[in-house]
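[1] My questions concern the predicted model and sequence given below.
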Amino acid sequence: MAKTIRLSKMVNPHFYPLWRTDKPYIVAKGGRGSFKSSVISLKLVTMVKRWTQLNKKVNVVCILANKSDLHDTVYSQVIWALDVLDLADEYTYFKSPLRITHKLTGSTFYFYGADNPHKLKSNKVDNIIAVWFEEVANMKGVDVFDQSIPSFIRQKPPFVGQVKVFFSYNPPRNPFEWINEWVGKCKQDSNYFVDTSTYLDDELGFTTDQQLALIERYKQNDYDYYRWLYLGEVIGMGNNVYNMELFHPLKKLPSDDYITDVFYSVDTGHEVSATTCGAYGVTKRGDVILLDTYYYSPQGKTHKKPPSVLSKDLKHFIDKVTDWVGKRPTNMTIDSAEGALDNQFYNDFGIHWHKVAKLKKVDMIDRVQDLLAQGRFYYLERPENEIFLAEHRKYQWDDKTLQSDDPKVIKEDDHTCDMLQYFVRDNERFLGLKW
Ligand SMILES: Nc1ncnc2c1ncn2[C@@H]1O[C@H](COP(=O)(O)OP(=O)(O)O)[C@@H](O)[C@H]1O
Ligand SMILES: [Mg+2]
């Protein structure tokens, strides 16, 4: 028996104006989990359904910053919408290249990466009724739109009045990011419908209790981070990179929780920069505890430690923590630019460090802020960890770069800060961070 499909049971009332607008350009921005992606995918599938029922062939193009993420994001999202609307059987699903095709009419959803705007322009798809730019905050700039939209809207079939172009994203916190400036202009343009949504608009109650509990955790621990992540507000960068109240001291290891894994990360220096290694315990509950810090600064020393000595120092540090906690290292991370010390360590002990895949500084820092904002970061109060706190306390954005789309930190006494970022970035999946 055919299921009765009621859109009013699937689309929150907040989105009715967005659903019904006759403007060609539709921007859906907002906090995490506000149903932007769900609603747009349902809208696209509904639009295509209207034409396939009339036996017309129409196409939709979905675009994401990074080609390699297409499958797990927009492609899966469209499949989800087809499922929900009970249309999944009418389509065939292709992996390479990714596309979803209506069996009877040949109507197709295409999926492209925006890594190369020029390539986007040259994709020859006709009969386009809609284009969806998903997670646009991750795209390089407005160039992606300028390069591709004119050619997409030229490919409109004669039987539709206009090609609908959807944009969705969570606003970055930095007001000088291009997307935040771009949306300011969209709001002035009568061709654009701009919507802002948050999880609080979920009248239909799709958000699960578990999601609500996590949101509440951010809200209690770091209200600004919550405003940014879940309310979609552009909160700015602040001058201090971190809110030090989110580094919780521990006199000793907790008695009601236990360490399941121990991680190490290293930031290296040779001539003037320090070499530092952090030992982090991750507990059953998912909290992170800075257990111990190794720190060696060659500054002002006439006889500086060479890699051969640093290598032994690090091994000694790791062995000491291993004996104490009783867990072997789960992962050991090193600066991707470092070769000498890793080679030395491998030569001495037959173990390679894992090289971290670095990102833009704001993105490295954001992962740490996310962990902190969940109230999950602790450090053992001991003299060895004091340098870690001192450096994090001092860690500042560089004023001269704050009014730009690529703010930099002041690179002074920031070695433990880098070291923490490497640990978090390299283990972000293990730590269950949003990426
Ligand atoms: N109609 C629906 N029924 C059940 N779950 C839904 C429905 N619409 C959305 N969801 C779920 O809600 C979650 C958040 O929605 P999503 O569209 O990804 O938010 P956003 O893109 O704003 O971050 C997703 O896990 C999605 O599966
Ligand atoms: Mg989304």
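    Okay, I see it. Ligands and ions are numbered 1, 2, ... in the order given.
[2] pretty sure Pro407 contacts Asn239?
    No. Between Pro407 and Asn239 there is no contact, the gap being 10.6 Å when judged by CB atoms under 8 Å. Bear in mind the C-beta positions are built from the backbone N, C-alpha and C, glycine included.
[3] With neighbour numbers in mind, choose between those two.
    Pro407 (21 against 10; other CB atoms under 10 Å).
[4] what's that one in contact with, if anything?
    174, 237, 361-362, 397-398, 401 (CB atoms under 8 Å, 6 or more residues apart in numbering).
[5] Out of those, name the ones that lie in helices.
    Among these, DSSP state H puts 361-362, 401 in helices.
[6] Packing partners of the worst-scoring helix or strand of the chain on mean pLDDT?
    Least confident helix or strand of the chain, by mean pLDDT, DSSP states H and E, is helix 117-122 with a mean of 75. Counting contacts by 3 or more CB pairs under 8 Å, 6 or more residues apart in numbering; DSSP states H and E, helix 117-122 packs against helix 143-154.
[7] contacts for the helix it packs on?
    Residues from elsewhere that reach helix 143-154 (CB under 8 Å, 6+ apart): 24, 61, 63, 114, 117-118, 120-121, 125, 128, 131, 133, 136, 162-163, 165.
[8] first to last residue in stretch 278-297, what's the distance?
    By CA to CA, to the nearest Å, the extent of stretch 278-297 from end to end equals 15 Å.
[9] meant to ask about stretch 203-212, not that
    Using CA to CA, first and last residues of stretch 203-212 are 14 Å apart.
[10] For that stretch, give me every contacting residue.
    9-10, 12-14, 33, 35, 199.
[11] now, which of those lie close to ligand 1?
    Of the residues in the contacts of stretch 203-212, proximity to ligand 1 by CB under 6 Å from any ligand atom holds for 10, 33, 35.
[12] ok, those residues vs Gly300, which is closest?
    Comparing these against Gly300 with CB to CB picks out Gly33 as the nearest, at 51.0 Å.
[13] so that closest one sits right up against Tyr199, yeah?
    Yes. In terms of CB under 8 Å, Gly33 counts as a neighbour of Tyr199; the distance is 4.8 Å.
[14] Which one of the two is surrounded by more residues?
    Gly33 (22 against 19).
[15] residues contacting that one?
    199, 207, 211, 215, 230.
[16] The first one reaches His14, doesn't it?
    No. Counting by CB under 8 Å, His14 is not a contact partner of Tyr199; they are 10.7 Å apart.
[17] Distance of Asp256 relative to Lys284?
    Using CB to CB, to the nearest Å, Asp256 is found at 10 Å from Lys284.
[18] typo on my end, Ala357
    Taking CB to CB, one finds Ala357 at 28 Å from Lys284.
[19] higher neighbour count, these two?
    Neighbour totals were compared for Ala357 and Lys284, and Lys284 leads with 12 against 9 (other CB under 10 Å).
[20] wait, isn't the more buried one in contact with Pro254?
    No. If you go by CB under 8 Å, Lys284 and Pro254 don't touch, sitting 9.9 Å apart.
[21] out of the contacts of helix 143-154, who's nearest Arg393?
    Nearest member of these to Arg393, counting by CB to CB, is Val136, at 35.4 Å.
[22] What residues does the closest one make contact with?
    65, 144, 167-169, 179.
[23] Now the two most distant members of the residues you listed.
    Going by CB to CB, the pair spanning the contacts of Val136 furthest: Val144 and Ser168, at 14.0 Å.
[24] Looking at these two, which is more packed in?
    Ser168 (24 against 19).
[25] Secondary structure of the more buried one: a strand, I assume?
    Yes. Assignment of Ser168 by DSSP: H, G, I helix; E, B strand; the rest coil places it within a strand.
[26] what bridges to it?
    Beta-bridge pairing for Ser168 (DSSP bridges): Ala28, Glu134.
[27] Let me know the pLDDT of it.
    With respect to pLDDT, Ser168 has a value of 98.
[28] Next, work out how far apart it and ligand 1 are.
    Distance, Ser168 to ligand 1, using CB to the nearest ligand atom, to the nearest Å: 6 Å.
[29] ok, now which ones touch that residue?
    With contacts defined as CB under 8 Å, 6+ apart, Ser168 is in contact with 27-29, 36-37, 40, 132-136.
[30] sec struct for the residue in the stretch 251-400 of the chain that ligand 1 sits nearest to, please.
    Going by CB to the nearest ligand atom, ligand 1 is nearest to Asp370 of the stretch 251-400 of the chain, at 15.0 Å. Following three-state DSSP, the label given to Asp370 is helix.
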